Structure formats: structure tokens, C-alpha cells
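Asks: how would this look folded up:
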Amino acid sequence: MRVDPKPSKSCEHGFIFLFWQGLGVLGGVVMFLWVDDDIDSWYKKLKTDNWFPVVDFFLPAHIIGATFAGAAAYGVWRYGGFQKQIVRLTVHLFQTVLAICWVPIIFKARDLLVGFVITFLILAMSVVRTALYFNLNAALGGLCLPSDIWYGYLSAVVLQLWNLNSE
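Replies: Numbering: from 1, shown residues only. Below is the predicted model of the structure:
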């Protein structure tokens, strides 16, 4: 049985919204700023294919996906808070933390195989999250689709990077 979210008169909603948005967006921005020199010194020198994204595309793609997914997570939270949506929001949190950790694993540790495994886990968690959100509300699930598409593409990129550069 679906229950429509009930608006609250407190400022709690504002803080919760900022939490869900800030977690993915700010976490990703901080990580990308941290690895900026590594991107220039290592990633740009890897063998690539012509269908790979330019390096300047990674951060905007992350921000767009995290923004939409964060808005969806806030929408899910409005259906009863963390207590009633523990599975959906825990999957979201796990996927977000993995996405933030992906950046230093790829660009600092320079481990493309582990990076691919984590990218694939992120994709799997993202697809599960989207399915769970669609089950609750189709619009909230739809907000997660850009993230799913990005992580699917990114999985293929990292796998091909590993294939081209493992020596």
C-alpha cells in the first residue's frame, strides 16, 4: 500500500534535503579536487578509445547524477523517514559512499582492476536503488536513471582502460 508523503512544518526537511544532496555532490567534488594532479599526470597518459569521455566530463557527470539521486533519496525519505525506508536509503548510502571512494581508487591508487570491480558494484547498487525507488514512486525511480546510465557507461570505460593498459 502506497502512502503519499506528508509535508512537515519544521525545518527538518531542509536539513535532510541538504544532507542527501550534499553527501554525493560535495563528497565527489572534494575527491575530484584531491585527485586533480593525478588526473593530469596519469589518466591523460593512458591508452584510450575514441568513445571515452574527456577527463573534464567526469566531475559534471558525477554532479548531475548525484544531484538527481540525492533529490530522489530526499523524496524517499519523505515516505516515512529512515525508519520506514531503511532498505532503500541504506542502498542509496552504500552506493554513494562507493561512488565517492571510486575516485581515489582510480586516480590515486591507479588500480584499474579494483576500480572496475568497484565501478561494477556501484552500477549494481545504483540499479537496485532505482528499482526500489520505482517500486515506491515512479518519479523517484526516474530521477535515478541518469546515475544508472553514467555508471553503466563508466563500467565499460574502466573495463576497457584496464584491457588497454594492463601490461
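Asks: From here on, just use CA atoms for contacts and neighbour counts.
Replies: Noted.
Asks: pLDDT on the lengthiest helix in the chain, on average?
Replies: Using DSSP state H, we find that the single longest helix of the chain is helix 112-136. Averaging pLDDT along helix 112-136 gives 94.
Asks: got the contact list for the following helix or strand past that helix?
Replies: Remark: after helix 112-136, the chain's next helix or strand is helix 138-143, criterion DSSP states H and E. For helix 138-143, the external contacting residues (Cα atoms under 8 Å, 6 or more residues apart in numbering) are 68-69, 71-73, 75-76, 129-135.
Asks: Give me the buried stretch members for helix 138-143, please.
Replies: For helix 138-143, the neighbour count (16 or more other Cα atoms under 10 Å) marks 140-143 as buried.
Asks: Quick one: name whatever helix or strand follows the worst-scoring helix or strand of the chain on mean pLDDT.
Replies: Least confident helix or strand of the chain, by mean pLDDT, DSSP states H and E, is helix 12-34 with a mean of 79. On the C-terminal side of helix 12-34, the closest following helix or strand by DSSP H and E is helix 36-41.
Asks: how about that next one: buried residues?
Replies: 38-39.
Asks: what helices or strands is the helix or strand following it leaning on?
Replies: The C-terminal neighbour of helix 36-41 among helices and strands, as given by DSSP H and E, is helix 58-77. Contact here means 3 or more Cα pairs under 8 Å, 6 or more residues apart in numbering; DSSP states H and E; on that basis helix 58-77 packs against helix 12-34, helix 86-107, helix 112-136, helix 138-143, helix 145-165.
Asks: Alright, I will stop here.
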